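> take a look and give me a structure for this.
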Amino acid sequence: MEAEKQLMHEIKIEHFEIGMSVTTPEEMAKLSGASFLIAGRVPDAEGEAFDLYQWYAAWMRDNNSENAAVSKTPSYLIVEAADSFEATIPWEQLEQAAVLYRINGLPLQKAGPIRLYVPNGSSKCLNVKRIVKLKMGHDEPNTQVEAAYGFKHTFSMNDLRNNK
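Reported below is the predicted structural model:
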């Protein structure tokens, strides 16, 4: 049961230069250096959050210390939720983004393991809950990424059998 609970709170991180890693919301918050009440950025929201950009800078230092000087800034972030919802957000729209990870001192239950808020209205993707994966990507120069969101197309074996 404890192993199942831990898996439910793991966050996969995929980076275009570094590859794949796994972390937890608590490790992310600790690495970011400071947490704050989300209501300071998102009125009427409850819980503790950390700044996405601060976390990313610290994560890069920890995971890419040899090449930190040559590292490219991501051009977009893809967030994947446990319910197959996915959002692509241009990196520059995430300047005020906050990651909610705790309410009343406890890990998120319904909206967890983490929830991303883009509170300043700079993106169409204002909040995504139940995030299980963060993927930082980088496009070629002169390529513009637009914000997009929706459910990924998923099919069960029965769906495939019934649509012969």
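> can you show me the strands along this structure?
With strands called from DSSP state E, the chain shows them at 11-15, 19-23, 35-37, 48-51, 76-81, 85-90, 98-103, 106-107, 114-117, 127-137, 148-151.
> out of these, flag the one nearest D62.
Proximity to D62 (CB to CB) singles out strand 19-23 among those, at 9.8 Å. All C-beta atoms are positioned from the backbone trio N, CA, C, and that covers glycine.
> quick one on the thing from earlier: next, format the strands of the chain as CSV and append mean neighbour count.
Shown next, in CSV, are the strands of the chain (neighbours: other CB atoms under 10 Å):
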stretch, mean neighbour count
strand 11-15, 18
strand 19-23, 12
strand 35-37, 15
strand 48-51, 23
strand 76-81, 21
strand 85-90, 20
strand 98-103, 24
strand 106-107, 12
strand 114-117, 24
strand 127-137, 19
strand 148-151, 12
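> let's have the ones you listed in a markdown table, adding distance to A29.
Below are the strands of the chain laid out as a markdown table (distance: least, CB to CB, whole Å):
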| stretch | distance to A29 |
| --- | --- |
| strand 11-15 | 11 |
| strand 19-23 | 10 |
| strand 35-37 | 5 |
| strand 48-51 | 5 |
| strand 76-81 | 17 |
| strand 85-90 | 20 |
| strand 98-103 | 5 |
| strand 106-107 | 11 |
| strand 114-117 | 9 |
| strand 127-137 | 14 |
| strand 148-151 | 25 |
